[in-house]
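A.B. asks: no FASTA, just this:
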Ligand SMILES: Nc1nc2c(c(=O)[nH]1)N[C@H]1C(S)=C(S)[C@@H](COP(=O)(O)O)O[C@H]1N2
Ligand SMILES: [Mo]
C-alpha cells in the first residue's frame with residue numbers, strides 16, 4: 001500500500017494569487033470569472049479545486065492501483081504498468097454539482113455547503129489510459145453493472161474517516177472518453193488535482209472523477225460510499241434538511257445543460273450602448289452546445305451568441321455576444337440549448353434543492369449602466 005503523508009496546506013501555493021478561496025481546509029477555490037472564461041483550456045494554476053478532506057502526498061514509486069471484482073482475481077498495477085498501456089488524451093470539463101449554488105442559497109439558506117458562484121468549473125486536457133482497457137485486463141464478469149472508485153484521501157463524516165468514493169454504471173465506464181489520468185494540460189498531474197492518478201469521467205458531475213485513486217471495484221450495485229449513497233443526491237424543491245429521507249433522492253449522474261456569463265462580472269459599471277458579453281456553456285452529459293442566447297433586458301429579447309473556439313463533445317463551449325445596454329440597472333441573461341434539445345429552466349426557484357446542486361437556471365448578471 002502506498003504511503004499517505006498528509007501535509008496540510010500543501011500545494012495551495014501552486015495556485016494563482018487571484019483564486020477565490022471558499023474554504024482553506026479542506027482547500028476549495030476557483031478562479032475569478034474574468035480569468036475563467038478567457039481560454040479554452042484552463043491553466044492548471046487557475047483550475048478550480050474541490051476537496052472534501054486531506055490532500056494526500058503519495059509516493060509515486062510505491063503507488064499501486066488495486067482493481068477488484070474482476071474474473072481473474074485482484075490486480076495490482078504500478079504507474080509503470082499503467083504507462084505501458086496505450087495512451088490517449090481527452091479535453092473535458094470538470095464541473096462540481098455545487099457550481100452556482102450561491103444563487104440558490106440567496107433564495108433560501110443552504111448551510112454547510114460551499115457557496116460557489118460560477119467558478120466551480122474548469123476544463124483540462126487529460127492524458128492517461130482508458131479505464132475500459134484496465135477493466136478488460138481485470139476481466140469483466142457477468143453480473144458486474146457498476147464500477148466503484150475509492151480515493152486515498154481521508155474525509156471525516158459522522159465520526160468516521162474514509163476515502164472519498166463514487167461509482168459509475170459499467171456502460172459509462174467502458175466509454176472511450178473515460179480515463180485514468182496521470183497528466184493534466186500536458187504536464188504530470190499535480191497533488192491538488194489527484195496525483196499520481198485520478199479518474200476523469202467526461203459528462204458526469206465532478207464528484208465522479210475520483211482523485212488520488214486507490215481502488216477500483218467491479219460490482220453489481222452502485223457504491224455505498226457516503227458521497228455516492230447519501231451526498232450528491234437530487235431532491236425536489238419542497239424537501240429540506242428536516243424532511244429529507246436520506247438516500248431516497250435521485251443519484252446525480254450527468255451534467256445539466258447550462259450557460260454562464262463570465263464577463264461582465266456582477267456589479268460592473270458600464271456605459272450605455274454596445275457591450276460584449278462572454279462566458280462558457282456545457283451540454284447535458286457533455287453533449288455539444290448548439291445555441292447560446294443573451295438578453296440585455298432581463299429575458300424579454302434575445303441575441304444569438306457566436307460560438308468561440310473549439311466545438312467538441314465533453315468540452316465546454318466558449319461564446320460571446322454583443323448586446324445594446326440601456327441606461328439604468330440592467331440584468332444580462334444567458335441560456336443555452338444543446339444537441340439533445342435540452343434547455344434550462346428560467347428560474348432558480350424551479351430547480352432549488354436543499355443541498356444546492358445542479359443550478360442550471362438562466363444565468364443573470366446585474367450591471368449598472370450609464
Ligand atoms: N478523492 C477525492 N476525489 C474527488 C474529490 C475529493 O474530495 N476527494 N472531490 C470531487 C469533486 S466533488 C469534484 S467537483 C472534483 C473536482 O476536481 P478538481 O479539484 O480537480 O477540480 O473532484 C472530485 N474528486
Ligand atoms: Mo463536486
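C.D. replies: Received, thanks. From a predicted model like this one, the values you see are computed outputs, not experimental measurements. Ligands and ions are numbered 1, 2, ... in the order given.
A.B. asks: what about residue 343, how many residues close to it?
C.D. replies: Residue 343 is flanked by 15 other residues according to other C-beta atoms under 10 Å. Yep, even glycine has a C-beta here, placed from its N, CA and C like the rest.
A.B. asks: same thing with the one 5 residues further on?
C.D. replies: As a burial measure, residue 348 scores 19 neighbours (other C-beta under 10 Å).
A.B. asks: Roughly how far does it sit from ligand 2?
C.D. replies: Distance from residue 348 to ligand 2, counting by C-beta to the ion, to the nearest Å: 19 Å.
A.B. asks: same thing with residue 194?
C.D. replies: From residue 194 to ligand 2 the distance is 13 Å (C-beta to the ion).
A.B. asks: Hmm, residue 200 and that residue touching each other?
C.D. replies: No - between residue 194 and residue 200 there is no contact under C-beta atoms under 8 Å: 9.1 Å.
A.B. asks: Determine the residues that are contacts of both of these two.
C.D. replies: In terms of C-beta atoms under 8 Å, 6 or more residues apart in numbering, residue 194 and residue 200 are both contacted by the residues residue 181.
A.B. asks: Return the residues of the stretch 151-300 of the chain in contact with ligand 2.
C.D. replies: For the stretch 151-300 of the chain, the contact set with ligand 2 under C-beta under 5 Å from the ion comprises 206, 207.
A.B. asks: change it to 8 Å
C.D. replies: Listed as neighbours of ligand 2 in the stretch 151-300 of the chain under the rule C-beta under 8 Å from the ion: 205, 206, 207, 232.
A.B. asks: restrict those to contacts with ligand 1.
C.D. replies: Among those, the ones lying near ligand 1 by C-beta under 6 Å from any ligand atom are 206, 207.
A.B. asks: Do a quick rundown of the helices in the stretch 201-350 of the chain.
C.D. replies: In the stretch 201-350 of the chain, the segments counted as helices under DSSP state H, counting those that start in this stretch are 226-229.
A.B. asks: Looking at it, what residue ends up closest to ligand 1?
C.D. replies: For the stretch 201-350 of the chain, the residue positioned closest to ligand 1 under C-beta to the nearest ligand atom is residue 206, at a distance of 2.5 Å.
A.B. asks: Per-residue pLDDT of that residue, please?
C.D. replies: Model confidence at residue 206, given as pLDDT, is 98.
A.B. asks: my guess is it meets residue 96, correct?
C.D. replies: Yes - contact criterion C-beta under 8 Å: residue 206 and residue 96 qualify, at 4.5 Å.
A.B. asks: where do the contact lists of these two overlap?
C.D. replies: Residues touching both residue 206 and residue 96 (C-beta under 8 Å, 6+ apart) are 50, 120.
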